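S.K.: take this sequence and fold it.
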Amino acid sequence: MSEFQALLHAALAGFGVILVIGLVTWLISIVCKDVSIVDRVWPIFMLAAGFTYACTLGSSGPRTDIILLLAAIWALRLSGYITWRNWGGEEDRRCQEIRARNQPNFAFKSLYLIFAVQAVLAWIISSPLLVAVAGQNPLGWIDAIGILLAASGIVFEGIADTQMARFKAQPANKGVVMDRGLWRYTRHPNYFGESCTWWGFFLIALGAGSEWIGIVTIVSPALLTLLLLKVSGVSLLEKDIGERRPGYREYILRTNSFIPGRPRKAGTS
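M.R.: Numbering: from 1, shown residues only. Coordinates of the predicted model:
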């Protein structure tokens, strides 16, 4: 079996696992009447795919161990945090809007509108994990930069989520804009950390083996960053937040949207 055939076989096996997880989650969402539970499973899609790739290819070695460990830490922390944050709450506001726009029979429509789309995106984004575990090159300086970037992204995102959780736990902060800690330097430090994690995984994949295959996986962090900035992340969250939180408009003026930077003074750009 050629290298390409082996990668294709592993990729399809990973996609199959993602589809099964997505189907089970969809069935649970029908019972719970809450499609936003897909957010809790989103990191598990990629983690399950990563381990499937390694098992299908029979991969072992330092690079495989490192990237799967990093992926597991990222996925389990994020999934656990989202599950804890949303436990006992109602369906996410954005999902409620999608539900309202797609009646009647949204329960069935959500299978392809939400769960199938999420599954395909997760499969594409997981591609650096596939290439990294398939690679034969010894660890090098590109891997070292990727490992450092991915680990830093995981820590950055974790700190941001912890700071936000503690802030929201204080009743006095209800309706108040969070502009402390990492949130003082970027309006979305959790998204920035997420992006750094996957750019790090891309670099590990780039150092793993066939150069052209590694370069192709740039679609993973590029797509994830695009989603975070323009689709389901920053743009969607900030669409009407200024109306719900008056102080947010001023926060936008002084704080970078994504990449951390020094807060601006009022009246400057």
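S.K.: going by C-alpha atoms from here, please, whenever you check contacts or count neighbours.
M.R.: Fine.
S.K.: hey, which helix is longest across this structure?
M.R.: helix 3-32 (DSSP state H).
S.K.: other residues contacting the helix or strand following it?
M.R.: With elements assigned by DSSP states H and E, the helix or strand that comes after helix 3-32 is helix 38-57. For helix 38-57, contacts defined as C-alpha atoms under 8 Å, 6 or more residues apart in numbering pick out 6-7, 9-11, 13-15, 17-18, 21-22, 25-26, 60, 64, 68, 71-72, 74-76, 78-80, 82-83, 115, 118-119, 122-123, 125-126, 129-130, 133-134.
S.K.: just the buried ones from the residues you listed?
M.R.: 7, 9-11, 13-15, 17-18, 21-22, 25-26, 64, 68, 71-72, 74-76, 78-79, 82, 115, 118-119, 122-123, 125-126, 129-130, 133-134 (16 or more other C-alpha atoms under 10 Å).
S.K.: look up how far Trp198 lies from Glu3.
M.R.: Distance of Glu3 to Trp198, given as C-alpha to C-alpha, to the nearest Å: 24 Å.
S.K.: quick one, which of the two is more surrounded?
M.R.: Trp198 (28 against 10; other C-alpha atoms under 10 Å).
S.K.: what's the closest non-adjacent residue to the more buried one?
M.R.: Here the nearest residue to Trp198 in space, its sequence neighbours aside, is Pro221; by C-alpha to C-alpha, 6 or more residues apart in numbering that works out to 5.3 Å.
S.K.: any idea which element that neighbour lies in?
M.R.: Applying DSSP H and E, one finds Pro221 within helix 219-226.
S.K.: tell me what that helix is packed against?
M.R.: helix 117-125, helix 189-206 (3 or more C-alpha pairs under 8 Å, 6 or more residues apart in numbering; DSSP states H and E).
S.K.: tell me how far Ala144 lies from Trp183.
M.R.: 28 Å.
S.K.: looking at these two, which has the bigger crowd around it?
M.R.: Trp183 (21 against 15).
S.K.: from Gly153, how far out is the residue nearest to that one when sequence neighbours are not counted?
M.R.: Leaving aside its chain neighbours, Trp183 sits nearest to Pro189 (6.2 Å; criterion: C-alpha to C-alpha, 6+ apart). From Pro189 across to Gly153, the span is 10 Å (C-alpha to C-alpha).
S.K.: perfect, I'm done here.
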